[in-house]
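> requesting a structural model of the entry that follows:
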Amino acid sequence: MQEDKFLSLREKYPNFIYDSYEIIDDGINIKILYHFEIEGLTSFNPYYLIDKKYITNKNIDNDLLNYMAFHIGMIELVSYFKCTCSKNVIIKAGYINDDQINWFKKLYYYGLGEMFYTNGINTTIDSFMNITCVCNDKKTFNTSYEGVGNLIPVGGGKDSNVTLELMKDEFSSNTCFIINPKDVNIECCKIANYDDSNIFIVKRVLDKNLLDLNSKGFLNGHTPFSSLVAFVSYLCGYLQNKKYIILSNEGSANEPTIPGTRINHQYSKTYEFENDFNLYTKKYFNIDIRYFSLLRPLNEYQIAMLFSHYKKYHNIFKSCNVGSKSLPWKWCCDCPKCLFVYIILSPFLYKDELVNIFGCDLYEKKELLNTLLELTLYSDIKPFECVGTYGEVRYALSTLISKYDGELPYLLKYYKEHFKLSLDTKYEKEFNNENNLEDKFIDIIKKEVDKYVQ
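A predicted model of the protein is given here:
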């Protein structure tokens with residue numbers, strides 16, 4: 001049992017150490033190198049590379065830059081800690097106080113919630129790790145900073161492409177941001193008229209010892225990658241003197257993956273994490289860079305509605321995690337993410353356009369029936385994927401079925417025969433007021449949605 005392995009590894013390897021980090025400037029790149037250790041097992045030296053051509057801030061506070069780099073290590077360590085879930089995490093690389101320790105414990109605990117669940121690990125926020133800081137080099141900052149413009153992380157899926165379109169009138173002040181880009185990420189940016197001069201690329205390199213431990217059966221599972229994007233984009237926003245970091249996380253990210261719990265595949269995309277991150281950076285970095293999701297006011301149905309009109313991206317965008325492991329990136333057409341994207345776009349693009357995008361009609365695939373039930377909560381569990389709420393999925397299916405002319409394909413026919421159509425809530429007219437948008441961004445969204453909603 002994985003629970004037994006969890007307990008055994010914690011006893012055998014009780015100490016995980018964040019020893020140090022280095023910032024190395026070779027004149028072309030800045031390399032941020034981290035030194036982690038699972039005491040008695042192995043060490044890790046992951047790193048990041050940032051091309052200096054992207055750095056436009058002429059007034060960088062090197063102490064603050066170092067402090068931000070240290071914080072990236074506080075998130076990076078999760079990928080290595082999870083191998084043994086050591087009882088003690090010892091921070092030697094920099095100083096954090098008790099308030100900061102509690103902040104990171106919350107992020108780690110809920111960010112690893114899926115891993116604990118899928119491995120059958122029972123633990124609590126108080127007991128899953130003890131964080132001890134043995135560095136006394138306290139840092140406070142009062143840096144003069146006045147950012148301008150927007151840094152926009154681009155994932156290559158429909159959501160970030162909608163953000164690129166919504167922000168097109170501020171093109172001159174925008175920079176796209178990508179960690180370890182694939183061809184799809186770059187192509188989406190180029191379709192939106194960005195080029196090498198305004199696409200900020202960061203290379204992240206994992207330590208091969210992590211992959212070795214994974215292959216040997218050490219603990220493994222989902223980590224809160226979006227929190228890593230948060231800290232890395234914040235540092236890069238500072239290097240470019242930006243004011244806003246504009247994400248593409250919708251309100252559906254707040255819905256737990258396991259109903260009735262706080263276990264959420266998308267925890268670090270939630271409004272809760274967004275608020276926590278902004279409070280943390282304001283307090284401990286003390287500069288005005290604002291981190292928020294432009295799409296937070298919208299639901300997945302509205303985002304799909306908008307994206308259906310941005311046809312220049314349709315044959316390029318990808319968000320299938322299974323297919324991302326292939327070259328080129330493709331839709332696998334067998335996973336929950338593929339079926340979700342297919343469903344949410346289907347009221348607007350079914351049938352010919354969707355079949356052209358995916359290469360087949362997913363509604364005819366009988367083997368996806370259980371996935372359909374999971375996506376609509378007519379099963380015990382929601383897929384551990386970045387997918388919409390049960391209500392959004394039911395509404396998309398119901399909308400398509402209600403206007404469909406002809407014999408329904410297999411999955412739609414099954415749904416109609418077994419479940420009541422859900423058409424009472426008009427998702428296209430919703431607006432989520434739990435967001436961190438300034439009025440100018442709200443106006444952009446409402447103006448665009450109003451084009452397509454009567």
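
> give the buried residues for the helix or strand encompassing Ile101.
Taking DSSP states H and E as the definition, Ile101 sits inside helix 98-111. Using 16 or more other Cβ atoms under 10 Å as the test for burial, helix 98-111 gives 100-101, 103-105, 107-111. Where you see a C-beta, it was placed from the backbone N, CA and C, and this is true even at glycine.

> for the helix ranked longest in the chain, buried residues please.
Ranked by number of residues, the top helix in the chain under DSSP state H is helix 62-81. With burial defined by 16+ other Cβ under 10 Å, the residues of helix 62-81 counted as buried are 64-81.

> can I get that helix in PDB, CA atoms only?
Coordinates of each C-alpha in helix 62-81 appear next as PDB, following Å, rounded to 0.1, in the frame of the first residue of the first chain:
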ATOM      1  CA  ASN A  62      19.900  42.700  -6.700                       C
ATOM      2  CA  ASP A  63      18.900  41.900  -3.100                       C
ATOM      3  CA  LEU A  64      15.200  41.700  -4.100                       C
ATOM      4  CA  LEU A  65      16.100  39.700  -7.200                       C
ATOM      5  CA  ASN A  66      17.900  37.200  -5.100                       C
ATOM      6  CA  TYR A  67      15.000  37.000  -2.600                       C
ATOM      7  CA  MET A  68      12.600  36.300  -5.500                       C
ATOM      8  CA  ALA A  69      15.000  33.600  -6.800                       C
ATOM      9  CA  PHE A  70      15.100  32.000  -3.300                       C
ATOM     10  CA  HIS A  71      11.200  31.900  -3.400                       C
ATOM     11  CA  ILE A  72      11.200  30.100  -6.700                       C
ATOM     12  CA  GLY A  73      13.200  27.400  -4.900                       C
ATOM     13  CA  MET A  74      10.600  27.200  -2.200                       C
ATOM     14  CA  ILE A  75       8.100  26.100  -4.900                       C
ATOM     15  CA  GLU A  76      10.600  24.100  -7.000                       C
ATOM     16  CA  LEU A  77      11.500  21.900  -3.900                       C
ATOM     17  CA  VAL A  78       8.000  20.400  -3.900                       C
ATOM     18  CA  SER A  79       8.800  18.300  -7.000                       C
ATOM     19  CA  TYR A  80      11.700  16.700  -5.100                       C
ATOM     20  CA  PHE A  81      10.200  16.600  -1.600                       C
END
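
> show me what that helix is packed against.
In terms of contacts (3 or more Cβ pairs under 8 Å, 6 or more residues apart in numbering; DSSP states H and E), helix 62-81 is packed against strand 15-25, strand 29-38, strand 88-91, helix 98-111, helix 225-239.

> relative to Gly260, which of these is closest?
When those are compared by Cβ to Cβ, helix 98-111 sits nearest Gly260, at 15.2 Å.

> isn't Asn174 up against Met167?
Yes: if you go by Cβ atoms under 8 Å, Asn174 and Met167 touch, sitting 5.8 Å apart.

> so where do the helices sit in the stretch 301-450 of the chain?
For the stretch 301-450 of the chain, helices defined by DSSP state H, counting those that start in this stretch occupy the ranges 336-349, 352-358, 369-375, 390-403, 410-418, 439-450.

> okay if I get the buried residues of helix 98-111 as JSON lines plus distance to Leu294?
Output for those, formatted as JSON lines (distance: Cβ to Cβ, whole Å):
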{"residue": "Gln100", "distance to Leu294": "28"}
{"residue": "Ile101", "distance to Leu294": "32"}
{"residue": "Trp103", "distance to Leu294": "25"}
{"residue": "Phe104", "distance to Leu294": "27"}
{"residue": "Lys105", "distance to Leu294": "29"}
{"residue": "Leu107", "distance to Leu294": "22"}
{"residue": "Tyr108", "distance to Leu294": "27"}
{"residue": "Tyr109", "distance to Leu294": "28"}
{"residue": "Tyr110", "distance to Leu294": "24"}
{"residue": "Gly111", "distance to Leu294": "23"}
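
> tell me which of those is nearest to Glu272?
For the buried residues of helix 98-111, the nearest to Glu272 is Tyr110 (8.6 Å; Cβ to Cβ).

> distance of the residue nearest to that closest one when sequence neighbours are not counted from Gly113?
If the residues on either side of it in the chain are set aside, Tyr110 comes closest to Tyr267, at 4.8 Å by Cβ to Cβ, 6 or more residues apart in numbering. Distance, Tyr267 to Gly113, by Cβ to Cβ, to the nearest Å: 6 Å.

> for the stretch 151-300 of the chain, which residues score under the pLDDT cut-off?
Regions of the stretch 151-300 of the chain meeting the criterion pLDDT under 70 are absent.

> okay, strands next: where are they in it?
174-179, 199-205, 244-247, 290-293 (DSSP state E, counting those that start in this stretch).

> winner for burial among these?
With neighbours taken as mean count of other Cβ atoms under 10 Å, these reach their highest mean count in strand 244-247, at a mean of 26.

> just checking: what are the partner strands of that strand?
Its sheet considered, strand 244-247 pairs with strand 150-153 (parallel), strand 290-293 (parallel) by DSSP bridges.

> contact partners for Leu339?
Counting by Cβ atoms under 8 Å, 6 or more residues apart in numbering, Leu339 touches 362, 368, 371-372, 375.

> counting neighbours, which of these comes out on top?
Neighbour counts for the contacts of Leu339, by other Cβ atoms under 10 Å, peak at Leu375, which reaches 27 neighbours.
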